[in-house]
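Trainee: Sequence and predicted structure are below.
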Amino acid sequence: MSEKIENTKSAPGMTDEEVRQFVADSDTGRRRPQGVTAQIMLCVAFAWSLFQLWIASPLPFSLGIFVLNDTESRAIHLALAIFLGFMLFPAFRRSPRQWIPLPDWVLGLAGAFCAAYLCLFYEQLAHRPGQPNTMDIIVACSGLVLLLETTRRVVGVPMAVMAMIFIGYIFLGPYMPDVIAHKGASFSKAMSHLWLSTEGVFGVALGVSSGFVFLFVLFGALLDTGGAGNYFIKSALSLLGHMRGGPAKAAVVSSGLTGVISGSSIANVATVGTFTIPLMKRIGYKPHVAGAIETAASVDGQIMPPVMGAAAFLMVEYVGIPYTQIIKHAALPALMSYIALFYIVHLEACKSGLQGIPRRHIPPVGRRIINIIMTVCGVVILANAIYYGLGWIKTVAGEASLFVIGALMLAMYLVLLKFEARYPELQLDDPNQPIIELPDPGPTLKSGIHFLLPVAVLIWNLMIEELSPALSAFWATVFLIFVLLTQRPLHAWFLGRNDVAAQARQGVVDVLVGLTMGARNMIGVAIATSTAGIIVGTVTLTGVGLVLAEVVEMISSGNLIVMLVMVAVASLILGMGVPTTANYIIVSSLMAPVVVELGAQSGLIVPLIAIHMFVFYFGIMADVTPPVGLAAYAAAGIAKTDPLLTGFTAFWYSIRTSVLPFMFIFNTQLLLIDVESIGSFLLTFISATVASLLFAAASQLWFLTRNKWYETLLLLVVAFSLFRPDFWMDMIYPHYTQVPAADLMQVVEKAPDGKRLRLWVEGEDANGKLIKKGMLLSLGEAGPAAKRLDAFGVRLLEMGGETNVVSVRFRSRAEKIGFRQGQKVIAMEVANERPAAEWMFIPALGVLALIIVMQRRRIAAGAPS
């Protein structure tokens, strides 16, 4: 990775071909072999995609053929990734690019064998768990060395060095300073733990990469190959290009849409930025500002559901809640972040006096308003018709509903293609050619509506059918492959052209390209998640997570805010130079337990998802933080400007994103937790969005006009009040009162569905120190107390007036938040009757009105607006 940065620094102005090569170097492999070798690489990548589709489908179990368990499928997944990593990523800068040297063939095949060892000798290994023989140790040691070399090539030096440091920590534990010392482990135990078990390389992280992530990355690659990426960009530009700073606003929206299907911020920059950055420069944005806007928008794509750079699927395993809940909690902060960036773009345009690109036809204002209202109403009516109509079909048709719905989906696809044939096909534009006027949004939007159908299938399966993420992605991908095979010949047939056969062949090529590109896009993710497994394995083997908590506690002296700031900075540093997926694995393994443990002792009693989102956001901020933020280097190359200046500007724009974690960890309503009614949702959404806009105005020193220093301070206070109204209300009316825990079981039994109880427990830590901390007991469906507690993973026993924790189920939600056998529940916290915290919005809005009046007076006196 240092090599990539060095190359970019030396040439801040890159051609389009150099930018594409930079992205390939970072994401898909910088080696382009020729001839027979190229065909072999394509076949391996193609086979990898087919393998992943096979294990995700119901076919293995239906046919009883090639049925693999999780460990076996992970082994094959990593074997293919290591092989392609050695083949497509050369060892050094001067290594050949057009052919593959013999040593790389040897290393690639050896690495693939070491990874596949767990599949090839699964039965033998299962009969000697924890008792490796000499061959096992040799394979494990060789596999780790080859994996680290692959990581150095594919992911970068920082990730490889970090993994080596953790391996070293396993053996050097007894020689470490007392505060981080541990008893160490034998070479045999360490190798077995890291390579031959499911606690290290072949653990949960690689399982998520194999089981979920590949399919979503493949789905995105196929969608982009079919032309959806260009459709998103053109649609955003046609809708927003006429506004002030229109191309920059289009960049924000199209990057958000591309981020939904992309797992790489660098690829997002290259896909959207090669078109939008030159347009931004052309209308007057400074080059580093144009690059920074695209960088910030592309990096924020990693926090946008449903993929979130693959972290969403890992959160399911680490937090222990359904995938649909992860999407729900992540949606509002991501949306707020994009809205705030959209507003920052507008403020930059206002400060520079920029305008948009004129449209060909400008309808009257009244007609535009009517069109917007009719479009919104049409979407709402269509969504309800589909939702309730399909629900009615499932009720009436029963088991045959799948075939009925499939036939309706096929009919809709054909109707849409016939409808779209009336409009010109979208072509890739040359971003260096001037755009004198914008295309009409109507024909542009109507030319690719069918691209939304596979996305709709994915969302329907996830949200309505509640299928697993893997099966949902499988069916959506199958439908998307059908679309790619048929869209070109059907379009030609509807237009009456005579090249239907040629277009059908091109459809086959599109599928092959999409399947191979999906596999190449996954090399970095698979290698990064497996290497991150080394860090996770070290944590479970040595208990370094508890050591980190003690270090942070010692430095922060128990101050909650200082502790959170330290964790945020540590997450930022740990995430530098690391892809999104591995980034989350690292910060969730090392930093999330610190917040859970120390936060609970300080009274921070919040759901576990809030803590994981906190560390995830700061890990993602590393993607935009100089000097390692590769997305900024890609954007600077397109903008032909200084990469460091672009990176620092993008970091400043992203300050709004770094504030959100501090807000939602203290106000979990921003994660839509305990937001039950539509009215509550709307109030939360509107207040949080306004707060984001005001914070952006304060950070940019411009609201309606340039801010006075005191107006900036007032804007920050108003934004804080809208984000956290309970901060002020708590000063007047305490939120909770502690009561004895004697009636806990009765309270659990009477609590409604989904109720969360705030408990205080007391028990000894690993060092025998008595610790008191808060816990959030999440209850599911109403029922007997013992059943509800068992579903959560904990069993309590009342004895002698005390309530004790007698057992905690392994990997349950109770264990994840810190319940341990032997603890004693000493108190409960119950909410006090008090006015709603939202009453604090009234004085905050009064202050905002005062700021508006002051700035409007200055505008009337001639200040710029």
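Mentor: Received, thanks.

Trainee: residues contacting residue 646?
Mentor: 288, 291, 292, 295, 632, 633, 635, 636, 639 (C-beta atoms under 8 Å, 6 or more residues apart in numbering). Every residue, glycine included, has its C-beta placed from N, CA and C.

Trainee: which residue ranges form the helices in the stretch 501-650 of the chain?
Mentor: Secondary structure of the stretch 501-650 of the chain by DSSP state H, counting those that start in this stretch: the helices cover 544-556, 560-574, 580-590, 592-601, 608-621, 630-639, 643-653.

Trainee: Just among the contacts of residue 646, which is most surrounded?
Mentor: Compared across the contacts of residue 646, residue 635 has the highest neighbour count, 37 neighbours, by other C-beta atoms under 10 Å.

Trainee: Poorly predicted segments of the stretch 401-550 of the chain, please.
Mentor: The stretch 401-550 of the chain contains residues with pLDDT under 70 at 427-437.

Trainee: and the most centrally placed residue in the chain, what does it touch?
Mentor: For the chain, the residue sitting closest to the mean C-alpha position, by C-alpha atoms, centre = their mean, is residue 308 at 1.7 Å. If you count contacts by C-beta under 8 Å, 6+ apart, residue 308 has them with 302, 330, 580, 616.

Trainee: Next one: the closest residue to residue 659 other than its chain neighbours relative to residue 779, how far apart?
Mentor: With C-beta to C-beta, 6 or more residues apart in numbering as the measure, residue 695 is the residue that lies nearest to residue 659, at 6.1 Å, once sequence neighbours are left out. Using C-beta to C-beta, to the nearest Å, residue 695 is found at 35 Å from residue 779.

Trainee: re the thing from before, in CSV: the helices of the stretch 501-650 of the chain, plus distance to residue 806.
Mentor: Shown next, in CSV, are the helices of the stretch 501-650 of the chain (distance: least, C-beta to C-beta, whole Å):
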stretch, distance to residue 806
helix 544-556, 23
helix 560-574, 31
helix 580-590, 28
helix 592-601, 20
helix 608-621, 22
helix 630-639, 50
helix 643-653, 50
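
Trainee: Out of these, which one sits most buried?
Mentor: Stretch with highest mean neighbour count among these: helix 630-639 (a mean of 31; mean count of other C-beta atoms under 10 Å).

Trainee: who does it touch, helix- and strand-wise?
Mentor: Contact analysis of helix 630-639 by 3 or more C-beta pairs under 8 Å, 6 or more residues apart in numbering; DSSP states H and E lists helix 2-10, helix 16-23, helix 265-283, helix 287-300, helix 643-653 as its packing neighbours.

Trainee: and the shortest one, average pLDDT?
Mentor: With pLDDT averaged residue by residue, helix 16-23 scores 55.

Trainee: Following that helix in sequence, what is the next regular element?
Mentor: helix 35-56 (DSSP states H and E).

Trainee: which residues touch that next one?
Mentor: 32-33, 60, 66, 68, 73, 76-77, 80-81, 83-84, 87-88, 99-100, 210-211, 214-215, 218, 470-471, 473-474, 477-478, 512, 515-516, 518-520, 522.

Trainee: Those, buried ones only, as a ChimeraX selection?
Mentor: Command for ChimeraX that selects the buried part of the contacts of helix 35-56, burial taken from 16 or more other C-beta atoms under 10 Å:
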select :33,68,73,76,77,80,81,83,84,87,88,100,210,211,214,215,218,470,471,473,474,477,512,515,516,518,519,520,522
